[in-house]
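Undergrad: Structural data only, the sequence is not supplied:
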C-alpha cells in the first residue's frame, strides 16, 4: 500500500494513507505502530487517512520508523495477514544506543592500528559502517534523491576499497560521537527543565483510616488523601479536604506571594506550602498533572528542529551532488583517488546535524539553570526577531521577595529595634514571606531575638504570642478589631467622642491602636507588588498576616 509522508520533524511524523483503505484498518495500523520500540503515541483519522506518530528520536530513528511502516503496510496488504498486526523486525540503529556506538566504533578504530589479521580488521571496519550503508541505501530507495547519508556512505566505501582502514573506521566513529553529543545535550536539557518546574519524587504521608503512612509519591493514586505541611512541595494536583495553608504557586502562576487554600480549594503539583497544613485528595498524579503536561509539552518542543537547522540540512543535501561531481573531477585532474577522497570528507551536514542542535540545547539548559524556562528551540530562535517586550505587571520584573521598607511606631517607650525584636520572636519558625523578611531585618541589624511563648497562629489572620512578658498580636486588622470588640463592646469599636462631644466615625488606624496598649507596625514592601506603600497611619496588614 502506497503512503506519503505529509509532515516530519524530529520526534513527530505524520503519514497519509488512502482514506478508504485506512478506514477499515485503523485499529490494526495503530496497534502495529504502538508495538514499535520508541513509540510514544499514535493517533489516526479515518476520514482523511492521516496518522500522527510521536516517537522518541533517541530510541527510534526516523528512517527506521519509515521502514517499519513500510513493512506494516505490506503485511496488511497480504491476504493471509490482513487482520493481524505485523511485528516490526529489529534493526541496527546507531542512535538507539549512542554511547555504545561510540565505544564500539572507537574500539574498532583502535584495533586498526594494532597488528591484527587483515580479514579480521576488514570485517570489524565493515561492521562499524554497516548502519551508515544501510541508512544511505534506504534513503536513496525511498526518497529517490541523494543526501548527506549517501555522501558519508560513498566516502566510507571508497576508503574501504582503498584499504585505508583507520580512516574508514574513523568516519562512523565521528558520526556516532556526534549522535552521542546530541543525545547527551537533550538528556541534560530535559533534566534541567524537570528540576526547574517539576517536583522531585519523595515521601509523603498518606491517610489510611486513623493513621498516617509514609509512602513514595510514585505509589499515589486518584482519591488518596495525603498530608502536606509547611515547607513541603505539593506532589499532585488535588483538592483540599481539611486544614488551611498559604501556598506559593509561583511555579504555576508566576505570582510570588502565597495564596490561602482551605477546604474545597484546588492545589497543584510543584507548588509549595509556606505556612499551615492541609489534607489533599489526589486528583491527578505524574504526567497527568498540570506541571506534568507542561514538562511533556516542553520536551516535545525540544525535539523539534529549529528553522535554521532545517534550512542548513536542506542546503547541505543540495550540495551533495556537487560534492560528488567535484570529487570525480578532482580525481581526474590530480590523477589521484586521494584527491577525490579529500573532497568527499568535506561533510557539510555534520555542522547542521550536530552543531546547531547542540548549541540550541546548551542554551536552553543554561537558561533553565538561571531560572528561565524556554519552551523549545523554535521559541529560542524567535527571540532574535523580537524588538519589543510588554510586561503585564511589576511582579514580572522583580524577584518576588518581600522586604521591610519602613517601620512606623504609634506608641512611646517602644523604639524600632525593640519592635523588630518582638515581631521577629513572634514570627520565629514560620515560613511566610513576611516572616522571613522580618527575621532578615533583625539579622541585618544584629538584634538578639528572644524566645516566644505559646504562639497561636491562624492562616490569614496572624500570630498571637507572649514575648518577654508582653502580649504581642501580629497580623491583619481583623484579628485586632475582633479582640477589641470582645473587650470593649460593639459600640466602642465603631465610635468614640470627638473633642467637640459629637459622635463621629473613628479613624481606622485609631481603632486598631485602641485595641492594643502599645502599637508599632512594620510596613513591608514586596518586590513585585503593584500596590502603593501605605501612609503612616494606614492599616494594611501585610498580606494576610
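TA: Everything's here; your move. In this text, all values refer to a predicted model and were calculated from it rather than measured experimentally. Numbering: from 1, shown residues only.
Undergrad: C-alpha only now, for contacts and for neighbours.
TA: Noted.
Undergrad: List the buried residues for the helix or strand containing residue 119?
TA: Secondary structure assignment for residue 119, by DSSP states H and E: helix 118-143. For helix 118-143, burial by neighbour count (16 or more other CA atoms under 10 Å) applies to 121-122, 124-136, 138-139.
Undergrad: Check whether residue 34 really touches residue 52, as I assumed.
TA: No - counting by CA atoms under 8 Å, residue 34 sits too far from residue 52 to count as a contact (11.8 Å).
Undergrad: What ranges in the stretch 251-400 of the chain fall below the confidence cut-off?
TA: For the stretch 251-400 of the chain, applying pLDDT under 70 flags the ranges 303, 347-348, 393-400.
Undergrad: Now do the strands in it.
TA: Ranges of strands in the stretch 251-400 of the chain, per DSSP state E, counting those that start in this stretch, are 259-261, 266-267, 272-284.
Undergrad: so what's in contact with residue 34 and residue 52 at the same time?
TA: residue 42 (CA atoms under 8 Å, 6 or more residues apart in numbering).
Undergrad: And those two? Which one has more around it.
TA: Set side by side, residue 34 and residue 52 show more neighbours around residue 52, with 19 against 16, by other CA atoms under 10 Å.
Undergrad: Where does the more buried one sit, in terms of helix or strand?
TA: strand 50-55.
Undergrad: Show me what that strand is packed against.
TA: Packing partners of strand 50-55 (3 or more CA pairs under 8 Å, 6 or more residues apart in numbering; DSSP states H and E): strand 12-16, strand 39-45.
Undergrad: Can you spell out which helices and strands pack onto the longest one?
TA: The criterion is 3+ CA pairs under 8 Å, 6+ apart, and the helices and strands that strand 39-45 contacts are helix 26-34, strand 50-55.
Undergrad: I'd like these as JSON lines, with distance to residue 413 and mean pLDDT appended.
TA: Formatted as JSON lines, the helices and strands packed on strand 39-45 follow (distance: least, CA to CA, whole Å; pLDDT from 0 to 100):
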{"stretch": "helix 26-34", "distance to residue 413": "77", "mean pLDDT": "83"}
{"stretch": "strand 50-55", "distance to residue 413": "71", "mean pLDDT": "88"}
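Undergrad: Residue 41 is nearest to which of the ones you listed?
TA: strand 50-55 (5.2 Å; CA to CA).
Undergrad: Next SSE downstream of the closest one?
TA: With DSSP H and E, the next secondary element past strand 50-55 is helix 62-77.
Undergrad: the inter-axis angle of the helix or strand containing residue 103 versus helix 118-143?
TA: Per DSSP H and E, residue 103 falls inside helix 98-111. Going by axes from the mean of the first three to the mean of the last three CA atoms, to 10 degrees, helix 98-111 is angled at 140 degrees with respect to helix 118-143.
Undergrad: Would you mark the buried spots in helix 98-111?
TA: So, applying 16+ other CA under 10 Å, buried residues of helix 98-111: 98-99, 101-102, 104-106, 108-109, 111.
Undergrad: One more: stretch 190-197?
TA: Per 16+ other CA under 10 Å, stretch 190-197 contains these buried residues: 190, 192-194, 196-197.
Undergrad: what does it rub up against?
TA: 251, 270, 291, 295, 299, 365, 368-369, 371, 373.
Undergrad: Let me see the mean pLDDT of stretch 127-135.
TA: Averaging pLDDT along stretch 127-135 gives 81.
Undergrad: Actually, stretch 446-460.
TA: Rounded mean pLDDT across stretch 446-460 is 72.
Undergrad: For the contacts of stretch 190-197, which single residue is the most surrounded?
TA: Within the contacts of stretch 190-197, residue 270 tops the neighbour count with 26 neighbours, counted by other CA under 10 Å.
Undergrad: tell me the SS of residue 113?
TA: coil (DSSP: H, G, I helix; E, B strand; the rest coil).
Undergrad: and the most centrally placed residue in the chain, how far is that from residue 142?
TA: In the chain, the residue lying closest to the centroid (CA atoms, centre = their mean) is residue 193, at 3.4 Å. The gap separating residue 193 from residue 142 is 37 Å, by CA to CA, to the nearest Å.
Undergrad: so when I look at residue 239, I'm seeing a strand, right?
TA: Yes - secondary structure of residue 239 (three-state DSSP): part of a strand.
Undergrad: Could you find the closest non-adjacent residue to it?
TA: Among residues not flanking residue 239 along the chain, residue 266 sits closest, at 4.5 Å (CA to CA, 6 or more residues apart in numbering).
Undergrad: coming back round to it: distance check, the residue nearest to the centre of the chain against residue 296.
TA: Using CA to CA, we find residue 193 at a distance of 10 Å from residue 296.
Undergrad: got it, and residue 243?
TA: Taking CA to CA, one finds residue 243 at 32 Å from residue 296.
Undergrad: So what touches stretch 105-113?
TA: By CA under 8 Å, 6+ apart, the residues outside stretch 105-113 that reach it are 121, 124-125, 128, 165-166, 169-170, 172-173, 176.
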